[in-house]
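Student: Sequence and predicted structure, then a few things I'm wondering about:
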Amino acid sequence: MSDIQQQWGAQYLMMGINAEVKSKYRRSVRAATGARQRVAMGARGGRSIMANEFSG
């Protein structure tokens, strides 16, 4: 492999990792906000909702 190909490959790899991390971060943020909303709903509606969440 030539130097240019290697450089491009490394850059492409970094871009790919970056995109993956960003999407994972977004997904975890969305999951966290969803959990927070569920907890808030449980606090308003009594503890039975929370118990159901944890018992699965």
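Tutor: Cool, the structure landed. Residues are numbered from 1 along each chain as shown.
Student: number of nearby residues for Val39?
Tutor: The number of residues packed near Val39 is 13, by other Cβ atoms under 10 Å. Using the backbone N, CA and C atoms, a C-beta is placed for each residue, glycine as well.
Student: Check Gly16 too.
Tutor: 10.
Student: just checking, what packs against the longest helix along the chain?
Tutor: Criterion DSSP state H: the longest helix present in the chain is helix 3-45. Secondary-structure packing of helix 3-45 (3 or more Cβ pairs under 8 Å, 6 or more residues apart in numbering; DSSP states H and E): helix 48-55.
Student: can you give me the mean pLDDT across the helix it packs on?
Tutor: Computed over helix 48-55, the mean pLDDT rounds to 58.
Student: count of residues packed around Val10?
Tutor: That one is not Val; residue 10 is Ala. 10.
Student: And it, what's its pLDDT?
Tutor: Confidence at Ala10, expressed as pLDDT, is 85.
Student: roughly how far apart are it and Ser23?
Tutor: Ala10 is 21 Å from Ser23, where distance means Cβ to Cβ, to the nearest Å.
Student: His24: how many residues sit nearby?
Tutor: Actually, residue 24 is Lys rather than His. When neighbours are defined as other Cβ under 10 Å, Lys24 has 10 of them.
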